[in-house]
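just coords:
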Ligand SMILES: NC(=O)c1ccc[n+]([C@@H]2O[C@H](COP(=O)([O-])OP(=O)(O)OC[C@H]3O[C@@H](n4cnc5c(N)ncnc54)[C@H](OP(=O)(O)O)[C@@H]3O)[C@@H](O)[C@H]2O)c1
């Protein structure tokens, strides 16, 4: 299916690895020009070179830390008018006991997982409305739908983001600008492989054993592939998805136990 977005421009954050990179690759395959952001310049340059080779689209990059206002403002200054915004990003680990979470950690979590996408959305949405096309996708987590106390340092900011995006979605959809979040379950990204290695060491098990145990937590009994996630993201960014907005869409291999 032609997604109808060839020649559009996307700002993709967290684009040098994992789900963000997969989304960038998929959009490029649809002929979308890219502006890629992550903190590390080397990873960005590698990603950009590979995408240019494979897709022939224009790819610009900026190394910036999106958890700081300075970083976000630098991105908006260089890429003020994207047609598509995909926000992915870090994967902070936290102590499972909420009594150990400090105010500094709460602030860092809010900065990375709520204020980063909020400031970027705020910066680009008016231009999208004026041009009568915009697609905003935030990558959050399955735990937004299935909160567990031990994850709430990262999920609380994401729930707040879901509220903000729902308001933006209703305000802007009449102008063909949508805003949705994709809620990943477990996906086989480098960070998940690193996490499995650290769990294996901690629990005295093999990495394969840990991987298998984690895979068995969803109905599909496997990790998702980043390209599967990216396909869903590309569809939400497509010309065909103008009637889907304000949604929090799970993509988790049947891991969520409920109906709605
Ligand atoms: N993979 C999963 O199974 C899974 C499951 C649930 C939720 N998620 C969520 O999905 C998102 C992506 O996960 P992932 O597995 O794709 O992560 P990943 O492989 O670690 O990729 C993260 C990307 O974001 C960039 N990044 C991190 N912090 C940043 C910052 N402060 N400013 C700018 N760029 C930043 C990283 O590059 P630099 O390090 O160079 O900045 C990298 O390009 C995360 O928010 C994670 O919580 C993932």
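That came in fine, so what should we check first? Just so it is clear, the structure is predicted and the values come from calculations on it, not from any experiment. Numbers count the residues shown, from 1 in each chain.

which positions in the stretch 51-200 of the chain make contact with the ligand?
For the stretch 51-200 of the chain, the residues in contact with the ligand (C-beta under 6 Å from any ligand atom) are 65-67, 88-91, 112, 139, 141, 184, 186-187, 189-192. From N, CA and C alone the C-beta is placed, and that goes for glycine too.

now residue 184: phi and psi?
Per-residue torsions, residue 184: phi -70, psi 140 (degrees, to the nearest 10).

for residue 9, same thing?
Per degrees, to the nearest 10, the backbone of residue 9 is at phi -120, psi 130.

next one: residue 225
Per degrees, to the nearest 10, the backbone of residue 225 is at phi -90, psi 140.

and the residue of this protein nearest the ligand?
Nearest residue of the chain to the ligand: residue 18, at 2.0 Å (C-beta to the nearest ligand atom).

and that residue, how far from residue 185?
Shown here: residue 18 relative to residue 185, a distance of 14 Å by C-beta to C-beta, to the nearest Å.

now the residue of the chain closest to the ligand. Nearest residue, chain neighbours left out?
residue 189 (3.5 Å; C-beta to C-beta, 6 or more residues apart in numbering).

if I look at the one you found, how far off is residue 55?
Taking C-beta to C-beta, one finds residue 189 at 21 Å from residue 55.

between the two, which one's more packed in?
For the pair residue 189 and residue 55, the greater number of neighbours falls to residue 189 (23 against 20), based on other C-beta atoms under 10 Å.

what helix or strand is residue 191 located in?
Applying DSSP states H and E as the criterion places residue 191 in helix 190-203.

all helices for the protein, in order.
Under the criterion DSSP state H, the chain contains helices at 18-29, 41-55, 69-78, 103-110, 116-131, 152-172, 190-203, 207-215, 226-236.

name the nearest residue to residue 82, sequence neighbours excluded.
Spatial nearest neighbour of residue 82, excluding adjacent residues (C-beta to C-beta, 6+ apart): residue 11 at 3.9 Å.

just to check, the one you found is in contact with residue 120?
Yes. With contact defined as C-beta atoms under 8 Å, residue 11 reaches residue 120; the gap is 7.4 Å.

who touches both of the two?
Jointly contacting residue 11 and residue 120 under the rule C-beta atoms under 8 Å, 6 or more residues apart in numbering are 75, 85.

which parts of stretch 149-161 are buried?
Residues 151, 152, 153, 154, 155, 156, 157, 158, 159, 161 are the ones in stretch 149-161 that count as buried (16 or more other C-beta atoms under 10 Å).

now those as TSV including pLDDT and distance to residue 34?
Below are the buried residues of stretch 149-161 laid out as TSV (pLDDT from 0 to 100; distance: C-beta to C-beta, whole Å):
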residue	pLDDT	distance to residue 34
151	94	31
152	96	33
153	96	31
154	94	27
155	96	29
156	96	31
157	97	26
158	97	25
159	98	29
161	98	23
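
can I get the residues you listed in a markdown table with distance to residue 26?
What follows is the buried residues of stretch 149-161, written out as a markdown table (distance: C-beta to C-beta, whole Å):
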| residue | distance to residue 26 |
| --- | --- |
| 151 | 27 |
| 152 | 31 |
| 153 | 30 |
| 154 | 25 |
| 155 | 26 |
| 156 | 30 |
| 157 | 26 |
| 158 | 23 |
| 159 | 27 |
| 161 | 23 |
